[in-house]
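[1] 3D model of this:
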Amino acid sequence: MRGMYIHIPFCHQICHYCDFNKVFFKNQPVDEYIESIGTELSIMANTGYSFKELETVFLGGGTPTSLSELQLERLLEIIHEYVDVRALKEFSTEANPDELTRGKLAVLKSGGVDRLSIGVQSFDEQLLKRIGRTHSADDPAKVIRNAREVGFENISIDLIYGLPEQTIQQWEDTLDKALSLELPHYSGYSLIVEPKTVFYNLMNKGKLPLPGEDIEAEMFDMLINRMDKAGRLQYEISNFATLGNESIHNLIYWDNDEYAGIGAGAHGYVKGKRYANYGPLKKYMESMEDGSRPVMEEHEVTETEAMEEEMFLGLRKLAGVSVHSFETKFGKSLNNVYGDVLKELSGKGLIFESEGSIKLTGKGVFRGNEVFQQFLK
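    Here you go, the predicted structure:
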């Protein structure tokens, strides 16, 4: 495995668009849960799983920065027991702007974390309230200034477009403020209304006025153009970075390589198997009492599925899918396996071959889902 994802499911506020495994922080067994992370790592280490080759660790959620300084210290202490943090290429954490205090920044930095992924979403005060965020439009700049003073340089922020009643002007203003921070990495995602969210319930009641596909496409186009002019290269459909500051951990996913998923509701891909842990905290924590991993379901990936994943994940990268790497990985010619699909997509102007790789065209980037679906049988 190349990476490790650790899920921290606690939040002080549940955002209206979020469908990740999460719970309100208050009255939860947070300290016990952190110890359970150590239990899961111990079980894996004692049953033939090695963390010696890890390149990345990523703390996600939920909100890792919902933890107190002492809880963060304990979590990092546990990680150090099983992972040689000094050998990692990247150690990232997600963070909320209003929870990332200078004290927590210092704890993270001293614990080996070297990359921050901050959930900003918008710089518009009204939109922040509309989507259930608790930080103000001014918080990100303050947090980033503090982070830089503590010693963080590799900083990314997430932005969302296509929000309810969001205008082109509001999106442009958010991009202006985001780029004024001069960060090495930005992520920009279109809003997806997922089941079991506040927004999903509002949509079903006809009370979620979304901008519409044409405006959303215009926002995406603006995102690409503004990032390009600012020297942030689009290396994946939703991600932009200066050269050398691409997210190594996320590239593991798009390269279709293996990673451990640790924590309640976490997903992983190890030894040719994709798995999902139990989501409910009690079930997750109790399931390890007999020394077995807290896996709810596991699936051995077939060769056909692995090739499909190689294509629809790899094509998200602007570098595309390497013809040579595909053949090395599967012992089969990419053209022999997907020749007809490649020809059809090329004829539609959605993909092209360059430098030994199959890549999305500019048109293909906008119609990515249409491309990806062609590789699913």
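[2] count of neighbours near the nearest residue to Ser287 once chain neighbours are set aside?
    Leaving aside its chain neighbours, Ser287 sits nearest to Pro294 (4.1 Å; criterion: C-beta to C-beta, 6 or more residues apart in numbering). The C-beta positions use only the backbone N, C-alpha and C, and glycine is treated the same way. The number of residues packed near Pro294 is 24, by other C-beta atoms under 10 Å.
[3] for Asp98, same thing?
    17.
[4] any idea how far Val143 is from it?
    Remark: distance between Asp98 and Val143 (C-beta to C-beta, to the nearest Å) = 8 Å.
[5] identify each buried residue in the helix or strand harbouring Leu75, please.
    If you go by DSSP states H and E, Leu75 is part of helix 69-82. Residues Gln71, Leu72, Glu73, Arg74, Leu75, Leu76, Ile78, Ile79, Tyr82 are the ones in helix 69-82 that count as buried (16 or more other C-beta atoms under 10 Å).
[6] list the contacts of the fifth one.
    If I follow you right, that is Leu75. Counting by C-beta atoms under 8 Å, 6 or more residues apart in numbering, Leu75 touches Ile6, Ile8, Ile34, Ile37, Leu59, Pro64, Leu67.
[7] quick one, strands of the stretch 201-350 of the chain?
    233-236, 239-241, 259-262, 267-270, 273-277, 295-300, 321-322 (DSSP state E, counting those that start in this stretch).
[8] packing partners of the second one?
    Under the contact criterion of 3 or more C-beta pairs under 8 Å, 6 or more residues apart in numbering; DSSP states H and E, the helices and strands touching strand 239-241 comprise strand 185-190, strand 233-236.
[9] pairing partners for it, with directions?
    Strand 239-241 has the following sheet partners, assigned by DSSP bridges: strand 185-190 (antiparallel), strand 233-236 (antiparallel).
[10] centre of the chain to the last one, how far?
    Chain-centre distance of strand 233-236: 15 Å, with C-alpha atoms, centre = their mean, to the nearest Å.
[11] same question for that strand, mean pLDDT?
    The average pLDDT for strand 233-236 rounds to 98.
[12] again, but for the first one
    Averaging the model's pLDDT scores along strand 185-190 yields 97.
[13] contacting residues for Asp255?
    By C-beta under 8 Å, 6+ apart, the neighbours of Asp255 are Leu313, Gly314, Lys317.
[14] then Arg226?
    Leu175, Leu179.
[15] ok, the helix or strand of the chain with the lowest mean pLDDT: who's next to it in the sheet?
    Least confident helix or strand of the chain, by mean pLDDT, DSSP states H and E, is strand 23-24 with a mean of 75. Paired strands of strand 23-24, with direction, are strand 10-11 (parallel) (DSSP bridges).
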